[in-house]
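*Asks:* need a 3D model of the following:
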Amino acid sequence: MTVLSAVGLVALALILAIVGGALSGMKIGGEYLGKELAAMMGAFFGPASVVPAAVLGIVILALFRQG
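*Replies:* Okay, here's the model as predicted:
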């Protein structure tokens, strides 16, 4: 795995986390907070759990790939 592909995978995970967080925020809290605020909060807090897990997964894959 090259550095460029690892960075691309992390960027893809970040984009998907932002979109997924915004959509789930609108679904869960849109009625109470308003759709715009709920989407903004979801897009902000969604990547907080996805990006570290994606980076850890890519590091593990890279270590097993070399060994």
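
*Asks:* now the helices: where do they sit in the protein?
*Replies:* 3-33, 35-45, 47-66 (DSSP state H).

*Asks:* hey, which of the ones you listed is tucked in deepest?
*Replies:* Among these, ranked by average contacts under mean count of other CB atoms under 10 Å, first place goes to helix 35-45 (a mean of 16). The way it works is simple: take the backbone N, C-alpha and C, and place the C-beta from them, glycine included.

*Asks:* name the helices or strands packed onto that one?
*Replies:* Where contact means 3 or more CB pairs under 8 Å, 6 or more residues apart in numbering; DSSP states H and E, helix 35-45 is packed against helix 3-33.

*Asks:* any regions of the chain where pLDDT drops low?
*Replies:* Along the chain, segments meeting pLDDT under 70 span 67.

*Asks:* center of it, which residue is that?
*Replies:* Nearest to the geometric centre of the chain sits Ala17, at 2.8 Å (CA atoms, centre = their mean).

*Asks:* I'd say Val50 and Ile15 touch.
*Replies:* No. Using CB atoms under 8 Å, Val50 is not in contact with Ile15, being 10.2 Å away.
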